[in-house]
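**Q** Fold the following for me, if possible:
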Amino acid sequence: MSLQFEQAQRIKNLPPYLFARIEKLIDEKRAAGVDVISLGIGDPDMPTPGYIIEELKKQAENPANHQYPSSAGMLSYRQAVARWYKDRFDVELDAASEVVSLIGSKEGIAHISFCYLNPGDIVLVPDPGYPVYAGGAILAGAEPYYMPLTAQNRFLPDLNAIPADVARRAKMMFINYPNNPTGAVAGEDFYRDVISFAREYNILICHDAAYSEMAYDGYKPPSFLQFPGAKEVGIEFHSVSKTYNMTGWRIGWAAGHPQVVEALGRLKSNIDSGQFQAVQYAAIKGLTGSQEAVLQMQKVYQQRRDILVDALNSMGWQLEKPKATFYVWAPVPAGHTSDSFAELVLDKAGVVITPGNGYGSNGEGFFRIALTVEKERMLEALDRMKKNIGTVKF
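**A** Sure thing, here's the model as predicted:
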């Protein structure tokens, strides 16, 4: 008979990961013979550019790359990140002290909470938002305070609505623009207000910029770090995952405040051994090479975005086309919750959409669709929805 072990309270406090539930649902439907089209998970369907793959092959054959890497990342990799920031945002970074490598930005986002949050501390988290912001804080024993992102406020947190006593207790704030799941973007005034808020209450700002290179119609999302004072109050997380279709390669970085970068690097040196150097060399090739593949990727997603939004609007929605990310965030029809509408679309059309409440209580009443299937499958999914669900009302 197997022994039963009491789980730590931190694990009991952790909700099931949203996408693990979605993957299980997809598997069940496919096992029942349903031709499921998943528009639920934000994983690029296009391949990594060939020149990056060739660099991996080359570097994987070099025995020098078969040993333990530096947990902070090769200096040449961090220099490539710094050069990319200079070219893209005109941001100056000291590669040695202001950049640390990550095994994908998700890893760093989860671990930063362990560097700065003690049990009982407060962390300000967007709601709806990427579940890892709250998940890392919960594992560190901290208490998330959820900042509502509403359509009325263009899915930006209302800093003035945060109670002063909460702000005084808060140690960290997560922000994320272009935003997952809403597709919202933030302007200069917002970033300046965040920096002022951080100074007033001594709060560490953690900006997740994973979607900065997924923008359309000529829009160029800014970096948090390009605004005056940003490096004095926070850091920015980024990766090559979405930019170069390298989600499975697991390599990213955090950049900004040198003391925060050092603390995250020190934590990582105690719990992981860094990223395989051949992968770092491949990421360097992406960051320093031609960005034509990125521009082509943007064109593909923009076409899919147009197809998707136009089709939903023909069914009764009144959506604006998002300027960035590969997500479309939409309200559910009258009479539905996020879960009930997602279940209806799956049962009637064999199409997976993500219920908005999986990103937080303020996501209730919405759903998210990802643009990560080829045009033909997206057209088929939308045709199924139109035939089996029809015109909707709000």
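**Q** which secondary structure elements does the helix or strand of the chain with the lowest mean pLDDT contact?
**A** The helix or strand of the chain with the poorest confidence is helix 18-31; it has a mean of 77 (mean pLDDT, DSSP states H and E). Using 3 or more CB pairs under 8 Å, 6 or more residues apart in numbering; DSSP states H and E as the contact test, the elements touching helix 18-31 are strand 351-352. In short, each C-beta sits where N, CA and C put it, glycine included.
**Q** From the contact counts, what lies against the next helix-or-strand element following the strand it packs on?
**A** Per DSSP states H and E, strand 351-352 leads on to strand 354-355 as the next helix or strand towards the C-terminus. Applying 3+ CB pairs under 8 Å, 6+ apart, one finds that strand 354-355 contacts helix 338-349, strand 366-370.
**Q** who touches strand 354-355?
**A** Contact partners of strand 354-355, identified using CB atoms under 8 Å, 6 or more residues apart in numbering, comprise 18, 22, 40-41, 181, 337-339, 341-342, 363, 367-370.
**Q** if we can go back for a sec, quick check: which of the helices and strands packed on strand 354-355 is nearest to S273?
**A** strand 366-370 (32.4 Å; CB to CB).
**Q** follow-up on the earlier one: can the helices and strands packed on strand 354-355 go into a markdown table with extra columns for distance to P47 and mean pLDDT?
**A** Listed next are those as a markdown table, based on distance: least, CB to CB, whole Å; pLDDT from 0 to 100:
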| stretch | distance to P47 | mean pLDDT |
| --- | --- | --- |
| helix 338-349 | 28 | 92 |
| strand 366-370 | 17 | 97 |
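**Q** Pick the most deeply packed of these.
**A** Most buried of the helices and strands packed on strand 354-355 by mean neighbour count (mean count of other CB atoms under 10 Å) is strand 366-370; its value is a mean of 25.
**Q** pLDDT on the helix or strand just after that one, on average?
**A** Downstream of strand 366-370, the first helix or strand assigned by DSSP H and E is helix 375-388. For helix 375-388, the mean per-residue pLDDT is 96.
**Q** The one helix or strand I175 maps to pairs with which strands, parallel or anti?
**A** In this structure, I175 sits in strand 170-176 according to DSSP H and E. Paired with strand 170-176 in the same sheet, following DSSP bridges, are strand 122-127 (parallel), strand 204-208 (parallel).
**Q** out of these, which comes closest to I112?
**A** Nearest to I112, of those and by CB to CB, is strand 204-208 at 5.8 Å.
**Q** other SSEs contacting the helix or strand following that closest one?
**A** Per DSSP H and E, the first helix or strand lying C-terminal to strand 204-208 is helix 230-233. With contacts defined as 3+ CB pairs under 8 Å, 6+ apart, helix 230-233 has these neighbours: helix 188-201, strand 204-208.
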